[in-house]
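Novice: Okay, predicted coordinates and the sequence, questions at the end:
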Amino acid sequence: MTAVWRVFFGCSVVLLAFLALSVPFVERGTGSYVIAVVSTAMLLVILVSSATFIYLDWDPFEDLLR
């Protein structure tokens with residue numbers, strides 16, 4: 001299950017990098033700015049969660065597969 005969390009982590013890093021590259025081109029107060037901020041917040045939650053799950057080696061389906 002760690003492989004799935006690593007994929008989430010990697011995708012989050014790539015998408016956050018794309019958002020970071022778009023920051024100079026987004027004007028404050030526009031709809032695009034709001035979407036960029038909300039997307040950044042969601043991606044940071046996924047990044048931190050997946051990093052925590054990888055660190056703890058958490059498998060949510062462990063009891064189901066026994």
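Specialist: Ah, there it is. Numbers count the residues shown, from 1 in each chain.

Novice: where does this protein have low pLDDT?
Specialist: Counting by pLDDT under 70, not a single residue of the chain qualifies.

Novice: residue ranges for the helices of it, please.
Specialist: Using DSSP state H, the helices of the chain run over 2-22, 31-56.

Novice: Just want the angle from the shortest one to helix 31-56.
Specialist: Using axes from the mean of the first three to the mean of the last three Cα atoms, to 10 degrees, the inter-axis angle of helix 2-22 relative to helix 31-56 is 150 degrees.

Novice: Quick check: buried residues in helix 2-22?
Specialist: 5, 8-9, 12, 15-16, 19 (16 or more other Cβ atoms under 10 Å). In short, each C-beta sits where N, CA and C put it, glycine included.

Novice: And for stretch 19-35?
Specialist: For stretch 19-35, burial by neighbour count (16+ other Cβ under 10 Å) applies to residue 19.

Novice: is it possible to export the buried residues of helix 2-22 to TSV including distance to residue 55?
Specialist: As requested, those are exported to TSV (distance: Cβ to Cβ, whole Å):
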residue	distance to residue 55
5	9
8	13
9	11
12	15
15	21
16	19
19	24
